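Colleague: coordinates only, sequence not included:
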């Protein structure tokens with residue numbers, strides 16, 4: 001994982017390395033789904049490599065690639081309890097998955113310094 005402008009942009013490199021230790025890693029093959037629209041949300045995904053389609057109501061509406069986040073809306077309490085899109089790998093696709101509870105615990109540990117940035 002690397003620093004970027006999304007959720008990870010809140011953290012410095014040392015913090016990102018610590019956050020990476022909480023992640024599990026998944027590799028998907030072409031046409032394999034990472035998650036499906038309507039599934040209960042419980043994790044944020046950070047794309048490490050590959051390309052995937054974002055499908056909403058059966059229509060491909062976007063593509064995601066390295067460095068982009070999936071599921072960040074679910075970090076906002078009660079905003080997105082369920083997945084709003086299906087994510088399907090177009091090529092080999094690798095993500096880091098961090099459970100929301102682990103992310104909250106990590107963020108809470110950094111308070112109050114980091115909470116001031118949000």
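Modeller: Yep, that arrived. As the structure is a prediction and not an experimental result, all values here were calculated from the model.

Colleague: Could you list the paired strands of the strand or helix carrying residue 54 along with their orientation?
Modeller: Element membership for residue 54 (DSSP states H and E) is strand 51-56. Using DSSP bridges, the strands paired with strand 51-56 are strand 59-65 (antiparallel), strand 86-89 (antiparallel).

Colleague: any idea how far the residue nearest to the spatial centre of the chain is from residue 6?
Modeller: Note on the chain: the residue nearest the mean C-alpha position is residue 45, at 2.3 Å, using C-alpha atoms, centre = their mean. The spacing between residue 45 and residue 6, counted by C-beta to C-beta, to the nearest Å, is 12 Å. Backbone N, C-alpha and C define where each C-beta goes, glycine included.

Colleague: what do those two both touch?
Modeller: Counting by C-beta atoms under 8 Å, 6 or more residues apart in numbering, the shared contacts of residue 45 and residue 6 are residue 69.

Colleague: Tell me the buried residues in the strand holding residue 54?
Modeller: Under the neighbour-count criterion of 16 or more other C-beta atoms under 10 Å, strand 51-56 has 52, 53, 54, 55 buried.
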